[in-house]
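>>> I need the structure of the sequence given here:
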Amino acid sequence: MRRLSVAGDGRFLFVPLDHSVSDGPVVSQARWNGLLRALVDGGADAVVVHKGRARAIAPDILRHCALVVHLSAGTVHAADTDAKVLVGDVEEAVRLGADAVSVHVNLGSDTEHRQLGDLGTVAASCDLWNMPLLAMIYPRGPRIADPHDPALLAHAVNIAADLGADLVKTSIALPMERMAEVVNSCPLPILAAGGPPDGSDLVSHGTSLMLAGCRGLAVGRRIFSSPSPSSLVARLAAVVHAAEAGTAPHPSTIATGAA
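Okay, the predicted model is just below:
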């Protein structure tokens, strides 16, 4: 777990790049290593990729950034886009030199039972290998009326705790100040997923989430589609790692120039 927080403060800025399986290429192959270097230079604590993509990362890039190998997959072309299946295992991640693995669960989906079983199976393997496990668990499916309901999110993150995860990534509560209820319900570090639903300022959004007690942020698309990923990561890292004892820097105090 110490390797997942570059600053050693138990706070985390993860950049998921597993979208290439679900949605299509993140960037062109010619830009891939450049993007990774920008994320590391900006201060990302970890990147999340699938096992094959991990082999395409230049060996020197991850000296100061953790590697999380994502074990779940599904695509936007599936009959059930909420379904996720395991496409890797912990032993493969160990061979790749991963610092952690992640598993996706959609609570309320038609295949929820299978996804929960996969989470439990991976958690058992993680225990054998002393491998940290990030559960990406969201209320998402035909039985979910409000995916931002704080009580529902509290249920989701506690499932991750009960089934053996070490960290959990989930959606934000709305209104956002109620995210504190979700955080206070769970013994695990919670990473808030994505950016603001209304497309507003990402740094202000992240500041509010850290003040609500989240232990980190997991932002993918808003970062890798940014014209300056390194600068944006640096600003978010300042928010995440300056958040001590319920305080965080005001967004206006964070440099806006290139990192």
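>>> What are the boundaries of the helices in the stretch 151-259 of the chain?
179-185, 202-211, 221-224, 229-242 (DSSP state H, counting those that start in this stretch).
>>> For the residue nearest to Leu153 when sequence neighbours are not counted, give its distance to Leu167.
Spatial nearest neighbour of Leu153, excluding adjacent residues (CB to CB, 6 or more residues apart in numbering): Val182 at 4.6 Å. Placement of C-beta: from N, CA and C, glycine included. Remark: distance between Val182 and Leu167 (CB to CB, to the nearest Å) = 14 Å.
>>> With neighbour numbers in mind, choose between these two.
Taking other CB atoms under 10 Å, Val182 and Leu167 do not tie; Val182 has more neighbours (28 against 24).
>>> export the helices of the stretch 151-259 of the chain to a markdown table and tack on mean pLDDT?
Shown next, in a markdown table, are those (pLDDT from 0 to 100):
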| stretch | mean pLDDT |
| --- | --- |
| helix 179-185 | 98 |
| helix 202-211 | 96 |
| helix 221-224 | 93 |
| helix 229-242 | 96 |
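>>> and of those helices, who's closest to Glu92?
Distance to Glu92, taken as CB to CB, is lowest for helix 221-224 among the helices of the stretch 151-259 of the chain, at 24.2 Å.
>>> ok so, going back, and of the helices of the stretch 151-259 of the chain, who's closest to Thr81?
When the helices of the stretch 151-259 of the chain are ranked by proximity to Thr81 (CB to CB), helix 221-224 comes first, at 16.4 Å.
>>> And that closest one, what does it pack against?
The contact analysis (3 or more CB pairs under 8 Å, 6 or more residues apart in numbering; DSSP states H and E) places helix 221-224 against helix 229-242.
>>> Can you check what angle separates the helix it packs on from helix 202-211?
20 degrees (axes from the mean of the first three to the mean of the last three CA atoms, to 10 degrees).
>>> How far off centre is helix 229-242?
The chain centroid and the centroid of helix 229-242 are separated by 15 Å under CA atoms, centre = their mean, to the nearest Å.
>>> going forward, begin numbering at 481 instead of 1
With the count now opening at 481, the last piece we talked about shows up as helix 709-722.
>>> Could you list every helix and strand in contact with it?
With 3+ CB pairs under 8 Å, 6+ apart as the test, helix 709-722 has strand 492-496, helix 509-522, helix 682-691, strand 696-698, helix 701-704 packed against it.
>>> Reformat these as CSV; add mean neighbour count and distance to Leu668.
Output for the helices and strands packed on helix 709-722, formatted as CSV (neighbours: other CB atoms under 10 Å; distance: least, CB to CB, whole Å):
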stretch, mean neighbour count, distance to Leu668
strand 492-496, 27, 12
helix 509-522, 17, 24
helix 682-691, 22, 15
strand 696-698, 26, 11
helix 701-704, 20, 23
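>>> In JSON lines: these, plus distance to Asp562.
Below are the helices and strands packed on helix 709-722 laid out as JSON lines (distance: least, CB to CB, whole Å):
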{"stretch": "strand 492-496", "distance to Asp562": "17"}
{"stretch": "helix 509-522", "distance to Asp562": "28"}
{"stretch": "helix 682-691", "distance to Asp562": "24"}
{"stretch": "strand 696-698", "distance to Asp562": "19"}
{"stretch": "helix 701-704", "distance to Asp562": "19"}
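>>> and Ser502, which of the ones you listed is closest to it?
That would be strand 492-496 among the helices and strands packed on helix 709-722, by CB to CB, at 10.2 Å.
>>> quick one: average pLDDT of that closest one?
Mean pLDDT, strand 492-496: 98.
>>> Give me the residues contacting it.
484-485, 519, 523-528, 548, 550, 614, 647, 649, 669, 671, 695-700, 703-704, 713, 716-717, 720-721 (CB atoms under 8 Å, 6 or more residues apart in numbering).
>>> Can you name the next helix or strand after that strand?
helix 499-502 (DSSP states H and E).
>>> Give me the distance from that next one to the chain's centre.
Centre to centre, stretch against its chain (CA atoms, centre = their mean), the figure for helix 499-502 is 14 Å.
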